[in-house]
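In: take this sequence and fold it.
(chains A and B)
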Amino acid sequence: MRRGTLALLVAWIAALAVLGVVVQRNLHVGSDLRSFMPPAQTPDQKLLMEQIGEGPGSRLLLLALSGKPATDLATASRAMADALRGDERFTQVANGAFESGLLDDALLPYRFLLTPSFDGAPLDRDVLADELAQRLEDLGSPAATLLKPLLPRDPTLEIMKLAEHWSPPKPPLVREGVWFSPDGEALLLVQTRAAGFDPDAQGAAIEALQAYGRDLPAMAGAELVISGPGYFGVVVSRTTKGEAQWLGHLSTIGFVILLLVAYRSIAVLGLAALPIVSGGLAGIAAIALAFDAVHGITLAFGFTLLGVAQEYPIRVLSHRRAGESALESVRALWPLLLTAIASACIAYLAFFASGVEGLQQLAVFTIVGLLVAGWSTRHLLPRVLPERFRDAADTPGLERAWRFLDGLPRPRWLPPLLLALSAVMLATASTPFWQNNLAALTPVPADLLQREGRLRAALGAPDVRYLLVVQAADADGVLALSERITPDVEALVERGAIDGAELPSRYLPSLATQRERQAALPAREALSAMLGEALEGVPFRAGLFEPFLEDVERARTLELLTPERFASSPLGARLQAMLVPHDGQWIGLGTLIGVHDAAAFDAIAQKNGGAVRLLDLKGASESLVAAYRERILHAFGIAVVLLVATVLVAFRDVRRAWHVLAPMTLATILVLAVLRACGVSMSLFHLVALTLAAGLGLHYALFFERIAPDAAEARRTLHATLVCVVSALLVFALLAWSSLPVLRAIGLTVSLGVGFHFCLSILMARETRAGAVGPLDGKGHDARQG
Amino acid sequence: MLLPCLAAAADPDPQALVAGLARPVPARTAYTEVRFAQMLDRPLVVRGELEYLGPGKLGKRVDTPYKEQTTIADGQVSVQRGTRKPREIGLGQVPELEGFLRGFSALLGGDAAVLAQDFTLTTRGTAQRWHLSLVPKDARLKRRVASIEVDGDDAGARCFGIVDADGDANILLVEALASAELPKPLTRRNLEITCAGTAAK
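Out: Below you'll find the model as predicted:
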């Protein structure tokens, strides 16, 4: 090896190493799924995007304990609840057991402002006399031992009434003092402090849960099952990472074997990897610098899409011929390669225009990666390749393969027939054309979702589809409005339109209501006199209720309870998740349970002039996807125009451009038709995959269309294309086996595409049989968007 | 024929005592209940009827000084006072209470085996004038109920006393004693003497 070559090689590898260190220092892999969702347009869609990540529903984790007798599970449930209540990472823990610490000592006097008990009948002698008589009777009831400690401070048992008021609208089954599912699992409901799609914090919370499940003595022998959106986020992130790695390893091994077979040289194998490694590292560096965090899916997709760049060194390697330096071979190929690179980059620009951060990252990664890979293939790779090589044209069997392909009949009627067949397949497909359900792309295993549904039903946990949105200028306005509509919502429960509802004012009344209740409380002397009268004939000890008198007196002068002040308590934290600032206003989120008649809310919405409305998260997300698809289709339309323009400019010949574009278009339509005939509904990811396949198809067509100066060169083209096709299939056929629907969609679509593009390029792209190409008219271009 | 002599010499067998309490279902008895509580400056006297309807099924009616019907069945306690809506308490919410009621029901049903699961049984006296003391085994129940005390004679139970962990006590005088005159002054000591009859002195 010459010294100059060696120096260049060392410098190249050193530069890659430096880039690698930079990337490792700056790369932050995130998994916020929202970055892979389209940008929100309408207020509902904006709210949806916020709620998906930060709303009360997304912070909820459902726990189920099983594997032991009910008594032991109840003990385990209590131990878990105690441990979690002392843990900063959780804001709410409920397991059905009566929480005496519902309001701490400092907040306890507030019970007189929180309770609706005295709204109808003020706290007076008659009410007190009635309550005290009941307490006397309680002393003889089975519950006496429970109530006795509460009586001196709370003779009206307000705290019990509030606990009942705040218990879940549709309480789960209670056994042994805690919640149980009908299947005999002890159930807990946990709210994390971290937002649902803050993957690191959710991961930490889930690890903490699992650690408690493992280490608490009471949990020995019990099985802990976790469910909930945050848990799914963590599972998806783990699966994505694991699967991307696994698939990556497999395709690498296949690729190494392929290159060894194709070029019979270990040195070439290492050198051929350099351009794609350069492209990959440069791509990651670009997103690491341009964005805060790289989505895990971006990396998985990105490396997949970058597989296209492996074609560049392969073309160079396959097209080398005796008596010509590698640099000269590259120069001869470059116009064609440049066309391929430019058109691929233009196609990926459409991703950038999508406005979705995840896809923009993907575009930046891929475009930078392709450009760097292309540039290094053109300028660096030829200078470091060994001078000795085997001419790919002499590969055994290649001659025969070429003859066979060259001799294939190319009937004029084939393209129109395929087009007609596609039209029939597209027209007769029975499934909906578009897949609007975002969840279908979120790879949460079906059994986990099913378990989630079962636990949710057992816990009476709120509906994940509907939220009641209450909007006002400030937080107190929301609470006031929430109070106003409570009777209407309760009427809906009565009517059976919904099973239950939880509005923000359930936990905290508005300031006005609190003020009213405060004003209605009797002064100390008056209350003391009333109590004296009420105690006549009731044998309670004198002075027993002194703490009660003190609490009422304190409640009369308390500063009113605001959401901020309330936030220190578990209930306040629950309320905080239901009250969110939004667009300069405040929004209250009422959760609903078992919505049977969504239209029943129309009347409430009308009555309040739109300040109250039912948010259909599923509807909002579907409209979001549909709106988004329109945008991306526009972007693709522009990409197609740009692509055609690029090819025309490159060839300056309409007929040659047609030979390249026609097979590509027909193959794309065919892929679409076959997928539809198999019942696949199109999603954003299928569109992306179709585009990618079209990009690969463009390579095949470009090189087959080129008029080879001799038979050996034609064989080299076939050799290069075959290596490219097999390497693409290696990557994408593997993806088609992925357990992640998103990867599967891409893998299957691209694999089909590679097959069709290759066959049609062979049959249609070559000028030598120009007459056989067939009168495929402009229809193809229109249909590809269909 | 030696056995009765031996039995008279030692404390009575708890198993036999409890078995002797069994009555054909439904069993009813009038009762007078006296509540001694630190919160009250004088004991509260309540009268009514106690009902045993089979394992886990109890009824307690209060006639004076107020009207109340408590029904315990299938793990639910329902308390109805006067004309108010009945109040339901799921026993599952308060598992220790369930143990207590299970014990009380087993006592009335004469089921010594069930009773021995949840309580430690000790006896004193003779088969004619006996005292049975039940101390809960469950730590959580122990924090609430210190013991159940039963006095009886050869005809059956005379008094049931429930002593709370804080020292408060409810003493129910049943069967013949239910209609007997209460001692004066009405103190816990005096009432215990009434329950024990002459033999316990």
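In: isn't there a helix covering B:Leu172?
Out: No: counting by DSSP: H, G, I helix; E, B strand; the rest coil, B:Leu172 is not part of a helix but strand.
In: count of neighbours near it?
Out: 25 (other Cβ atoms under 10 Å in any protein chain shown). C-beta coordinates here come from the backbone N, C-alpha and C atoms, glycine included.
In: now swap in the one 10 residues further on and tell me
Out: Other residues near B:Leu182 number 15, with proximity taken as other Cβ under 10 Å.
In: part of a strand, is it?
Out: No: membership of B:Leu182 in a strand is not supported by three-state DSSP, which gives coil.
In: low pLDDT regions in chain B?
Out: B:1-10, B:90-96, B:198-201 (pLDDT under 70).
In: residue nearest the centroid of it?
Out: Residue closest to the average C-alpha location in chain B (Cα atoms, centre = their mean): B:Phe160, at 3.2 Å.
In: tell me who's in contact with that residue.
Out: Contact analysis of B:Phe160 by Cβ atoms under 8 Å, 6 or more residues apart in numbering or on different chains lists B:Phe104, B:Leu107, B:Ile148, B:Glu149, B:Val150, B:Ile171, B:Leu172, B:Val174.
In: can you tell me the helix or strand for the third one?
Out: Element membership of B:Ile148 [criterion: DSSP states H and E] is strand B:145-153.
In: mind listing the strands for chain B?
Out: For chain B, the strands defined by DSSP state E cover B:27-36, B:44-52, B:58-64, B:68-73, B:76-81, B:87-90, B:119-125, B:129-136, B:145-153, B:156-164, B:169-174.
In: output the contacting helices and strands for the shortest one.
Out: Under the contact definition 3 or more Cβ pairs under 8 Å, 6 or more residues apart in numbering or on different chains; DSSP states H and E, strand B:87-90 sits against strand B:76-81.
In: run through who's touching the strand it packs on.
Out: In this structure, residues lying in contact with strand B:76-81 by Cβ under 8 Å, 6+ apart are A:134, A:137, A:141-143, B:66-72, B:86-91, B:97, B:101.
In: list only those of those flagged as buried.
Out: A:134, A:137, A:141-143, B:68-72, B:89, B:91, B:97, B:101 (16 or more other Cβ atoms under 10 Å in any protein chain shown).
In: what are the ranges of the helices in the stretch 451-600 of chain A?
Out: A:475-495, A:511-520, A:524-534, A:546-557, A:563-566, A:570-578 (DSSP state H, counting those that start in this stretch).
In: my guess is A:Ala534 contacts A:Leu128. True?
Out: Yes: look at A:Ala534 against A:Leu128 with Cβ atoms under 8 Å: they come within range, at 3.9 Å.
In: got the confidence number for the closest residue to chain B within the stretch 251-400 of chain A?
Out: Closest to chain B within the stretch 251-400 of chain A is A:Gly296: 44.3 Å, counting by Cβ to the nearest Cβ. On pLDDT, A:Gly296 comes in at 70.
In: follow-up on the earlier one: mean pLDDT for the helices of the stretch 451-600 of chain A: which is lowest?
Out: In terms of average pLDDT, helix A:570-578 trails the rest of the helices of the stretch 451-600 of chain A, at a mean of 77.
In: what angle do that one and helix A:475-495 make?
Out: 90 degrees (axes from the mean of the first three to the mean of the last three Cα atoms, to 10 degrees).
In: what sits up against helix A:570-578?
Out: With Cβ under 8 Å, 6+ apart, helix A:570-578 has contacts from A:55-56, A:59, A:85, A:91-93, A:99, A:102-103, A:166, A:191, A:502, A:504, A:507-508, A:563, A:565-567, A:588-591.
In: circling back: state the distance from the residue of the stretch 251-400 of chain A closest to chain B to A:Leu752.
Out: 26 Å (Cβ to Cβ, to the nearest Å).
In: just give me the neighbour total for the residue of the stretch 251-400 of chain A closest to chain B.
Out: 23.
In: roughly how far does it sit from A:Leu449?
Out: Taken as Cβ to Cβ, the span from A:Gly296 to A:Leu449 is 21 Å.
In: likewise for A:Tyr231?
Out: 11 Å.
In: tell me which of those two has more neighbours.
Out: Each of A:Tyr231 and A:Leu449 has its neighbours counted (other Cβ under 10 Å); A:Tyr231 has more, 25 against 14.
In: which ones are touching the spatially closest residue to B:Arg23 that is not a sequence neighbour?
Out: Spatial nearest neighbour of B:Arg23, chain neighbours left out: B:Tyr52 (6.9 Å); criterion: Cβ to Cβ, 6 or more residues apart in numbering or on different chains. Counting by Cβ under 8 Å, 6+ apart, B:Tyr52 makes contact with B:Arg23, B:Val25, B:Pro26, B:Ala27, B:Arg28, B:Leu58, B:Gly59, B:Ser105, B:Leu108, B:Gly109.
In: residue contacts, the third one?
Out: Yep, that's B:Pro26 we're talking about. Taking Cβ under 8 Å, 6+ apart as the definition, contacts of B:Pro26 comprise B:Glu51, B:Tyr52, B:Leu53, B:Gly54.
In: so for the host helix or strand of A:His659, what gets flagged as buried?
Out: Take DSSP H and E as the rule and A:His659 turns out to sit in helix A:654-677. By 16+ other Cβ under 10 Å, the buried positions in helix A:654-677 come out as A:656-677.
In: and for stretch A:703-721?
Out: Buried, per 16+ other Cβ under 10 Å, within stretch A:703-721: A:703-706, A:708, A:712-721.
In: as a quick check, tell me the outermost residue of chain A.
Out: Relative to the centre of chain A, the most outlying C-alpha is that of A:Gly537, 66.5 Å out, by Cα atoms, centre = their mean.
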